[in-house]
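Colleague: this one's sequence-less:
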């Protein structure tokens, strides 16, 4: 069956360093991917998305990379700040499912 | 523009009771999705409503139901509550693909 998972449950990053969060998906029919950030006590917040016809997309301090060959995507956060401490989720969707399937989440902890 | 609002924010119920949660989407959004979030299972899709019709459904038992009104507001109902239903219930409204989440309703079943 389909699954979306993240490689690490917790990522500790020093302030100012770059963060890389990885995610694997199993369904090759997935054609749309989103990264969300969830801070404590809040709902998930959209960060960036990417469609399967692209392999890279950049936002403000964030970059998403998609490798369809190995069904892997990553989120890179440049110059990580204390405010980036949160749980990050990847989600995948395909036209046939019609719904988003979320990974388990990676807790990013930014240390001074 | 106001974001997605959910009421109540916190709820405590006992086993066997039923509960109704409410979600008001962003103005103009016609699609509302519901998710259950638990530490063990992560974010799991419950159902999606669009123009008062259920468009997608996740793998939850029939005790979980929902509906959407003509103003796009949505409710979800859980009957015969079980301890395992304790979770954060998130509602998201969307246009096309991007989903905007509400703060969630924290349900505790005792």
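Modeller: That came through fine. All of these numbers come straight from a predicted model, not from anything done at the bench. Numbering: from 1, shown residues only, chains lettered A, B, ... in the order given.

Colleague: Return the residues of chain A in contact with chain B.
Modeller: A:32, A:34, A:36, A:41-46, A:49, A:89, A:91, A:93, A:97-105 (CB under 8 Å from any CB of the partner chain). Yep, even glycine has a C-beta here, placed from its N, CA and C like the rest.

Colleague: Close to chain A: what parts of chain B are there?
Modeller: So chain B meets chain A at B:4, B:33, B:35, B:42-45, B:48, B:55-56, B:58, B:90, B:92, B:97-104 (CB under 8 Å from any CB).

Colleague: In terms of secondary structure, what does the helix or strand containing residue B:77 contact?
Modeller: Take DSSP states H and E as the rule and residue B:77 turns out to sit in strand B:74-78. The elements that strand B:74-78 packs onto, with contact taken as 3 or more CB pairs under 8 Å, 6 or more residues apart in numbering or on different chains; DSSP states H and E, are strand B:19-24, strand B:31-38, strand B:42-50, strand B:64-68, strand B:87-95.

Colleague: Quick check: beta-bridge partners of residue A:46?
Modeller: residue A:36 (DSSP bridges).

Colleague: Counting neighbours, what do you get for it?
Modeller: The tally of other residues near residue A:46 (other CB atoms under 10 Å in any protein chain shown) stands at 17.

Colleague: if we can go back for a sec, in PyMOL, select just the buried ones from the residues of chain A next to chain B.
Modeller: Of those, the buried ones go into a single PyMOL selection, burial set by 16 or more other CB atoms under 10 Å in any protein chain shown:
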select buried, chain A and resi 34+36+43+44+46+49+89+91+93+97+99+100+101+102+103+104+105
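
Colleague: Which ones among the residues of chain A next to chain B lie within strands?
Modeller: A:32, A:34, A:36, A:45-46, A:49, A:89, A:91, A:93, A:101-102 (DSSP state E).

Colleague: which one of those sits closest to chain B?
Modeller: For these, the residue nearest chain B by CB to the nearest CB is residue A:102; the value is 3.9 Å.

Colleague: where does chain A dip in pLDDT?
Modeller: Scanning chain A for pLDDT under 70 picks out the ranges A:1-8, A:96-98.

Colleague: can you check chain B too?
Modeller: For chain B, the ranges with pLDDT under 70 are B:1, B:97.

Colleague: about what we covered before: could you flag which of the residues of chain B next to chain A are buried?
Modeller: Here, 16+ other CB under 10 Å leaves B:4, B:33, B:35, B:42-45, B:48, B:56, B:58, B:90, B:92, B:99-104 buried among those.

Colleague: distance of the residue nearest in space to the middle of chain B from chain A?
Modeller: Among the residues of chain B, the one closest to the centroid is residue B:34, at 3.6 Å (CA atoms, centre = their mean). Separation of residue B:34 from chain A (CB to the nearest CB, to the nearest Å): 11 Å.
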